[in-house]
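Colleague: Sequence below, structure please.
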Amino acid sequence: MSAHAFAVRAPRVSTPWGEADRVLELEGAAGVRWVSTPSHGGILVSAEAWARMPARLASIGQRWGAGAAFEEDAAWCAVVLAFPVLARSPRELEDAARALRAFYPEHVDGRSGCGLGASLFGYHRCKGEV
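Modeller: Just a heads-up that it's a prediction; the model follows:
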């Protein structure tokens with residue numbers, strides 16, 4: 001996945017998409033794991049990490065156990081925007097902001113064009129297409 005991830009051999013990790021065949025712990029954001037199954041995947045966020053997410057982004061996830069699940073096709077953007085350290089490049093952060101606007105316009109803050117208010121943790125290129 002990236003330099004921010006390391007594989008974890010977890011016996012039987014259950015996900016909304018079935019049993020995981022691959023689990024990656026994402027460094028820089030404790031409690032955040034990328035999971036894949038034979039048919040789909042996404043990001044599992046622990047209750048503690050979910051509580052650290054801005055409410056408008058956290059609400060994109062579906063409750064899973066004590067935490068939340070964010071599917072890989074669109075909802076991933078909420079996790080990357082909440083934890084920008086997970087982005088592998090400024091471009092990936094821009095892609096996350098674009099995905100948020102495209103798939104979850106009701107979660108976009110009008111002041112920034114992102115889901116986080118006036119600033120994306122110091123990253124200010126969210127508004128408009130880049």
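Colleague: Helix or strand next in line after the helix or strand of the chain with the lowest mean pLDDT, which one?
Modeller: Across the helices and strands of the chain, mean pLDDT, DSSP states H and E gives its lowest value to strand 5-8, namely a mean of 52. Using DSSP states H and E, the next helix or strand after strand 5-8 towards the C-terminus is strand 14-15.
Colleague: How far off centre is that next one?
Modeller: Mean C-alpha position of strand 14-15 versus that of the full chain (CA atoms, centre = their mean, to the nearest Å) differs by 17 Å.
Colleague: Who are the packing partners of it?
Modeller: strand 41-45 (3 or more CB pairs under 8 Å, 6 or more residues apart in numbering; DSSP states H and E). In this view, the C-beta of every residue, glycine as well, is placed from N, C-alpha and C.
Colleague: Which helix or strand contains the residue nearest the centre of the chain?
Modeller: Centroid-nearest residue in the chain: residue 79, 2.0 Å away (criterion: CA atoms, centre = their mean). Using DSSP H and E, residue 79 falls within helix 76-82.
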